[in-house]
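Asker: Build me a model:
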Amino acid sequence: MWPVTAALLLLFATQNPDPAGEGLKALDAGNYALAAEDFGKAIAANPSDYFSQFNLALAYSMLHKDTEAIAAYKKVLELKPGLYEAQLNLGTVLLRDKLASDAAPYLRAASNQKPKEIKPRILLAQALLDSGSFADAVQAYEAVLVAEPKSAVAELGLARALLREKRLKDSEAHFLRAAELDPKVKSDILELGVAYENGKQTEDAIRIYGLCPDVVAARERLGELLVEAGRVADAIPYLERAVQESPTAANRLALAVAYSRNKQPEKGLPLLAAAVEAEPGNLDLRMIYGRDLFAAHKYAAAAREFSRVAEARPDSVETWNAFAAALNAAQDDPHALEALDRLKALGVEEPAHLYMRAGIQERIKDRKGALDSYKKFLAADHGKMQNEEFIAAYRIRVIERELGKR
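Answerer: A predicted model of the protein is given here:
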């Protein structure tokens, strides 16, 4: 991992026989804590010993004591300005610690010293990318690829730099090339899919997610996007597999929505039931379940779901509207009237509510109440519900005749 040459180690050993020599033995054995202790002793005896200082920094690096390693490498460069190995290792540690802007000068200096070496050039390109110098990163990665055309790391880095530059189509070619060179990075192209999505390029996002069918998250999102794009039949197999492998409430909901839009609502109900059971406090999910139950003509069951939501959201007009409709369809007349009363108390008695109330009142033989509600409906509707207005006018005549006979 760290570039310590054999010649440099030999030089360390000959000039620092003890305790530096013991430190080298510990370093070679992988006992980095002991190595750091030995090199510390050597430096205490000779503060200008940059060889021991370098090895102390290396030991700290291997121990992931990066703060100490950074300070030690900087001390090396004070004692021995321009030491390639120190520049490279310091840049690497800074990059590892997300200090890309600080890393770039050291990595650039190392690259300039040994321009034929690929490692410092790739690390410099990474530092430029991580520090937000995207255009410079593009140039740096392109230069690496001239020297090393089959570098999957450089192709992937170039793809990401182009992506940050919002050159999405150019980026795609390099993501694909990186995956060709190293199949293990294939799923990294999903970053591009997200960018296409954010840019409202849905079909491109669908195409990219489709390249990674073995990634669960990609399949889930692919299914959702296909539903949004109206390609419901295409979406269902992906969503079914997602539910099979990861039966979350969100996955079940997505598949249920797809079934509903594909005119298969009955297949979605068990999924929604399981989703509600998994997240009983998810009121939005209950509303969706209730609406699908209503669409499947399971009115009493729908009313139960809306009732749970209404308890938690007593001032929600949307919930009380759905609740009243379900109770009315289930012919639970007393409770339906209570729901309509609640809507009236909320200040939202609409013509549709008046028409519903009139129908319920007819069912319970409250003819006077029905007559009054029908008349209020006609006065309030102004031609918006023409079919219902025709029925209301007819029912008014019928009820008035019936009341006149009494």
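
Asker: CA atoms for contacts and neighbours, from now on please.
Answerer: Noted.

Asker: Check the gap between residue 176 and residue 206 for me.
Answerer: Distance, residue 176 to residue 206, by CA to CA, to the nearest Å: 16 Å.

Asker: More neighbours: these two, which one.
Answerer: Applying other CA atoms under 10 Å to residue 176 and residue 206 shows that residue 206 carries more neighbours, namely 23 against 20.

Asker: I figured the more buried one was touching residue 219, is that so?
Answerer: No - in this structure residue 206 lies outside contact range of residue 219 using CA atoms under 8 Å: 9.8 Å.

Asker: Could you give the number of residues near residue 399?
Answerer: Other residues close to residue 399 by other CA under 10 Å number 16.

Asker: sorry, that was for residue 323
Answerer: 30.

Asker: Helix or strand: which one has it?
Answerer: helix 317-329 (DSSP states H and E).

Asker: Next, the buried residues of that helix.
Answerer: Applying a neighbour-count criterion of 16 or more other CA atoms under 10 Å, one finds 317, 319-329 buried in helix 317-329.

Asker: Then stretch 293-310?
Answerer: In stretch 293-310, counting by 16+ other CA under 10 Å, buried: 293-294, 298-310.

Asker: Give me the buried positions along the helix ranked longest in the chain.
Answerer: Criterion DSSP state H: the longest helix present in the chain is helix 386-405. Buried positions in helix 386-405, judged by neighbour count with 16+ other CA under 10 Å: 388-389, 392, 395-396, 399.

Asker: try stretch 90-102
Answerer: So for stretch 90-102, counting by 16+ other CA under 10 Å, buried means 90-95, 99-101.

Asker: Which helix or strand contains the closest residue to residue 38 other than its chain neighbours?
Answerer: Using CA to CA, 6 or more residues apart in numbering and skipping the chain neighbours, the partner closest in space to residue 38 is residue 23 (4.9 Å). Assigned by DSSP H and E, residue 23 belongs to helix 20-28.

Asker: Restrict that helix to CA atoms and write it as CSV.
Answerer: Taking C-alpha atoms only, helix 20-28 is exported to CSV below (Å, rounded to 0.1, in the frame of the first residue of the first chain):
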residue,chain,number,x,y,z
ALA,A,20,15.6,2.3,14.3
GLY,A,21,16.8,-1.2,13.2
GLU,A,22,14.4,-2.7,15.8
GLY,A,23,11.7,-0.4,14.4
LEU,A,24,12.3,-1.7,10.9
LYS,A,25,12.0,-5.3,12.1
ALA,A,26,8.7,-4.5,13.9
LEU,A,27,7.4,-2.7,10.8
ASP,A,28,8.3,-5.6,8.6
